[in-house]
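In: build me a structure from this.
(2 chains)
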Amino acid sequence: MTELLRVNNLVTQFKTESGVVRAVDGISYYIDELEIVGLVGESGCGKSVSQLSTMQLISAPGEIAGGEVIFEGQNLLKFEANGPRMRAVRGAKIAMIFQEPMTSLNPVLTIGQQLTEMLVLHMKMSDDTSRKRAIELMSMVGIPGAASRIDDYPHHFSGGMRQRVMIAMALSCNPRILIADEPTTALDVTTQAQLLELMKDMVQHFRASLVIVTHNLGVVARYAQRIYIMYAGRIVESGTTKDIFGNPRHPYTIGLLKCIPRLDEEEGRKLVPIEGLPPNLINMPSTCAFLPRCHYKIDKCFKEPWPGLTSVNGNHFIRCYADTKEKNK
Amino acid sequence: MAEKNTDNKEFSEAPPRVSEWRRFWRVFLQRRIVIFGLVVFGLLVFSAIFANFLAPHDAFRGNMADSLQQPNRTYWLGTDIQGRDTLSRLIFGTRTALEVGFITVGVAAVVGTTLGMIAGFFGGVASAVIMRVMDALMSFPMLILALLLSAVLGGGIQNVIIALSIASVPGNARVMNGLALSLKENDYVMAERSMGSSSLRIMMGHILPNALPPIIVLITLQLGGLIMAEAGLSFLGIGIKPPGAAWGAMVNDGYRYLLTNPILSFAPGIAIMLVVFAFNMVGDGLRDALDPRLRGVL
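Out: Numbers count the residues shown, from 1 in each chain, chains lettered A, B, ... in the order given. Presented below is the predicted three-dimensional model:
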């Protein structure tokens, strides 16, 4: 498979009164064509900010302080943030779905107006064709009676339906990459499953890659081919879904997996939470950020700075000194 | 799987919905006082447009022989010192009032919302410059500013319009600035950005429609105030030049004969009061009808 997007050493920081917060601290990753990639981490680990940064959607006091985002041979970060070249990428080449379907649609415009806007803007469609296409898209994402509902307002739709509209809107211009930023967090569990299934089908149909940003390992387990685990603004482990779930190596990943229940496990296993809190991102020490919460720490962890990503097995990388493999058994 | 749900009859045959427009009119016309306001408003526009046909006599040149007549069958509201028919002048006066009111409100709304939107949406330097200028303008009382400008630019209706427009822009700019500041934080603005919309498109297509209800209410309520301000200025002798008809000037012309011919001042005075009252009622009705909190209650 060919590489579609590569992010190198991306750094995004927020200047606050109490200091500079490095929300994303030098992360690198790539997305292949037609791939589904999961980006997992707890709240505030920088997973959303990293995705917003690739599209230059960070607004003050945030700023992208370094790195590059290579897409179709060009560094997107070199484009003017809201300039025409960046706008030509947004929506048309890389599209995004946000967490809150209830507020992601403009309440005073009809669904049709909002769906056709992108088609007219990027695909230069006429009003007539764009309307037909919008109805088509709406039925593709499973909105019943699309033709009669196109002139409805967002408040006539439920949360799940609105998220379907958002999916239709995001895919309307055949983007190469769809970034779904916690797309199902605000929805109930049954709707979540339906929408994830729908998204998988839709990106297949439109031949796009999908990035699922989530704090829920269960969401990515089923759909993602590769997973990046983020902690405190950095990627701490990356590998195929099989690697991450079958053979987790970073203490944080191990901790995450220990605190979710499984259907196939022996009875009576207690869920083990990760104790402590994520670190304050201001004045981060040079040592491993997970150190205070780590069960595998060794002397070296206190003395040496946080290591870079090192391969443990082919494409499986971790940022850790400890030999978690032995202890984990 | 995507096509699975499309022919789901249960959902496609949704019950008929009340359209937004119907709901709007139902709330808007619910109060009798609002209907009264609308009727007065309609009559005013009608008489301003068809003043030439409605006025029973020449409003600008009187018959000196009929000077200072009490109301009678020929002159329903009497005549002034120059023998001009008060009713005719009153009818032509609506033209002045509405002309000043509408043009000023229009200019103030367009300029004020544009400036306020730019300041609120972009923030930073744009906001600092625009809003400080607005603050400075706001610190002058409207009538004083108008007097000053008329003194500099000279009398005449167009200078009254300029003066009142300048005085009304800051209010609109402030309101729009506040609206833009809060509206731009909405998720759909970020969603729009992520889909490649330009700032201009977001402002015109997404912020403005959301800001319209309060702006519409504001300018309706402004209209009454502006007609009063125009009357005040023409009472002071600024504005339309004789023999043109303006209600404020008519009040001023008549007050010397208040004891003998009170109708000369009272007729335009009552007209001003009625108009301002009517416009405020319409504004209140619009506010109720456009208030999203009342949606679904009625």
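In: what's near enough to touch residue 90?
Out: As the question left the chain open, I've gone with chain A. A:55, A:57, A:96, B:193-196 (C-beta atoms under 8 Å, 6 or more residues apart in numbering or on different chains). C-beta: built from backbone N, CA, C; applies to glycine.
In: wrong chain, I was asking about chain B
Out: Applying C-beta under 8 Å, 6+ apart, the residues contacting B:L90 are B:77, B:245, B:247, B:250, B:267-268, B:271.
In: confirm that it sits in a helix.
Out: Yes. Under DSSP: H, G, I helix; E, B strand; the rest coil, B:L90 sits within a helix.
In: ok, the closest residue to B:N172 other than its chain neighbours - how many residues close by?
Out: Distance criterion C-beta to C-beta, 6 or more residues apart in numbering or on different chains; nearest residue to B:N172, sequence neighbours excluded, is B:G112 at 2.5 Å. By other C-beta atoms under 10 Å in any protein chain shown, the residues close to B:G112 number 27.
In: and for A:P273?
Out: Other residues close to A:P273 by other C-beta under 10 Å number 9.
In: ditto for B:P262
Out: Applying other C-beta under 10 Å, we find 14 residues neighbouring B:P262.
In: roughly how far apart are the closest residue to it other than its chain neighbours and B:L90?
Out: Among residues not flanking B:P262 along the chain, B:G254 sits closest, at 8.0 Å (C-beta to C-beta, 6+ apart). According to C-beta to C-beta, to the nearest Å, B:G254 and B:L90 sit 11 Å apart.
In: could you do B:R31 as well?
Out: 28 Å.
In: and B:P141, by the same measure?
Out: B:P141 is 29 Å from B:L90, by C-beta to C-beta.
In: the chain: helices as residue ranges?
Out: Chain wasn't specified; assuming chain A. For chain A, the helices defined by DSSP state H occupy A:47-54, A:84-89, A:111-123, A:127-140, A:146-149, A:159-171, A:189-206, A:217-223, A:241-246, A:251-258, A:299-303, A:324-328.
In: wrong one, chain B
Out: B:9-12, B:20-28, B:32-49, B:51-54, B:86-122, B:124-138, B:142-153, B:157-183, B:187-194, B:199-202, B:208-235, B:247-254, B:263-290.
In: quick one: the second one to helix B:32-49, angle?
Out: For the pair helix B:20-28 and helix B:32-49, the angle between their directions (axes from the mean of the first three to the mean of the last three C-alpha atoms, to 10 degrees) equals 100 degrees.
In: and the longest one, by the same measure?
Out: Orientation of helix B:86-122 against helix B:32-49 (the same axes, to 10 degrees) gives an angle of 110 degrees.
In: which parts of helix B:86-122 are buried?
Out: B:86-105, B:107-109, B:111-121 (16 or more other C-beta atoms under 10 Å in any protein chain shown).
In: tell me where the model's unsure across the chain.
Out: With no chain named, the answer covers chain A. Applying pLDDT under 70 to chain A flags residues A:1, A:325-329.
In: my question was about chain B, not that one.
Out: For chain B, the stretches flagged by pLDDT under 70 are B:1-18, B:292-298.
In: centroid residue for it?
Out: The geometric centre of chain B, computed from its C-alpha atoms, lies nearest to B:L223 (C-alpha atoms, centre = their mean), at 2.5 Å.
In: what about that residue, distance to B:Q30?
Out: 22 Å.
In: neighbours of the nearest residue to A:G41 once chain neighbours are set aside, just the number please.
Out: Using C-beta to C-beta, 6+ apart and skipping residues adjacent in sequence, the residue nearest A:G41 is A:M230, 3.5 Å away. Look at A:M230: counted by other C-beta under 10 Å, it has 24 neighbours.
In: ditto for A:P175
Out: 23.
In: do the same with A:H295
Out: 15.
In: with adjacent residues omitted, what lies nearest to it?
Out: A:P251 is the one closest to A:H295 (C-beta to C-beta, 6+ apart), at 6.3 Å.
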